[in-house]
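1. The following comprises the amino acid sequence and a computationally predicted model.
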Amino acid sequence: MTEGPPITDIGLITYKGFNLIRNVHEEVHLHKLEKFEIRENDIFIITYPKSGTTWMQYILALMYHSDQLNGEHSKRIMEVVPWIEVWMKRIDYSKMPSPRTFASHLPPNLVPQQLRDRGKVIYIARNPKDVAVSFYYFHNFSKLLEDKPDFDTFLDQYLEGKVFGNSWFDHIQGWYSNKDNFNLLFLTYEEMRKDLRGTLVKVSNFLDKNLDDAMLDMIVEKSSFESMRLCPNANLEHQSPKYFDHSKGAMLRKGKVGDWKRTFTVAQNEKFDKIYKEKMKAPLGFGWDL
Ligand code: A3P
């Protein structure tokens with residue numbers, strides 16, 4: 001058996017205090033990642049889990065590497081826009097064509113240090129109540145996370161940061177307070193939902209990527225919830241049943257804004273709002289309907 005980082009009481013790997021999903025190798029190489037060489041045109045999507053990572057992975061794959069998604073030797077989006085901390089041992093990142101596109105859930109202190117000097121970061125934030133619901137269902141779908149007995153139990157762990165990705169409050173505030181230390185574009189899941197085309201224009205301007213109308217139309221169409229849900233690659237249906245129980249859920253579950261209202265009880269909501277007020281040092285102005 002390979003020796004890896006310790007497994008916590010909530011079934012996760014912890015590295016420098018950050019809880020990570022147990023990946024295929026039960027081992028992460030984050031110390032190597034901190035020294036990872038960044039290219040000028042590298043692009044990182046950074047999110048707290050369940051905030052729209054796969055959505056942006058698919059968008060960037062369509063923008064930059066659509067040739068790799070089709071044809072006889074087509075690749076999975078996980079290979080085209082790898083989750084950097086998980087796929088390190090499987091993919092030789094030095095052989096990826098530029099611009100390299102990556103996804104990550106790491107906090108600012110654990111991402112490659114050179115990302116402060118070069119490369120670009122797209123951070124996507126989502127209403128933390130919708131994240132909580134999405135995350136709860138994801139625990140039952142993912143075989144690398146413990147099933148949770150009920151939403152109330154999970155919500156307490158989530159509010160305490162005893163989950164994969166630690167505290168939502170720390171993640172978002174950590175990145176927000178560091179936004180000037182990186183070349184970073186802040187987006188919200190809600191704005192993507194409200195105006196996908198407008199968001200894509202914003203993203204393409206940030207990335208200096210020229211997208212003509214036809215390309216924009218194509219990406220808007222292919223990255224809509226409905227199209228992605230029907231696309232096995234985008235819906236991660238090719239991921240091994242070792243990692244996902246496809247009979248228990250799907251990556252593209254509901255894709256809604258404000259759906260937390262159907263799950264939270266009044267008491268859960270009051271508790272959440274109280275903790276939100278305590279933990280958020282300054283309003284971020286994202287206009288969430290909390
Ligand atoms: P729900 O569980 O609320 O449906 P991540 O990729 O960071 O794990 O986020 C997953 C969430 O993003 C899921 O939310 C999923 O449905 C949503 N999502 C993925 N692609 C989407 C799309 N094209 N449109 C809207 N939501 C999308």
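-> Nice, I can see it.
2. for the residue positioned nearest the centre of the chain, phi and psi?
-> When the chain is reduced to its mean C-alpha position, the nearest residue by C-alpha atoms, centre = their mean turns out to be Thr53, at 3.3 Å. Dihedral angles phi and psi of Thr53 (degrees, to the nearest 10) take the values phi -60, psi -50.
3. Quick check, it in contact with Ala125.
-> No. Assessed by C-beta atoms under 8 Å, Thr53 is found out of contact with Ala125, at 11.7 Å. Any C-beta I mention is one placed from the backbone N, CA and C, and that applies to glycine too.
4. Identify the contacts common to those two.
-> Listed as contacting both Thr53 and Ala125 by C-beta atoms under 8 Å, 6 or more residues apart in numbering are Thr47.
5. The residue nearest to the residue nearest to the centre of the chain when sequence neighbours are not counted - how many residues pack around it?
-> Leaving aside its chain neighbours, Thr53 sits nearest to Thr47 (4.6 Å; criterion: C-beta to C-beta, 6 or more residues apart in numbering). By other C-beta atoms under 10 Å, the residues close to Thr47 number 27.
6. tell me the contacts of Thr47?
-> 53, 56, 103, 105, 123-126.
7. bridging residues for it?
-> When assigned by DSSP bridges, Thr47 has beta-bridge partners Ile124.
8. Report pLDDT for it.
-> Looking at Thr47, its pLDDT stands at 98.
9. same thing with Trp87?
-> Looking at Trp87, the pLDDT reads 86.
10. Flag every residue of the stretch 51-200 of the chain that's near the ligand.
-> Contacts of the stretch 51-200 of the chain with the ligand, taken as C-beta under 6 Å from any ligand atom, map to 51-55, 130, 134, 137, 193.
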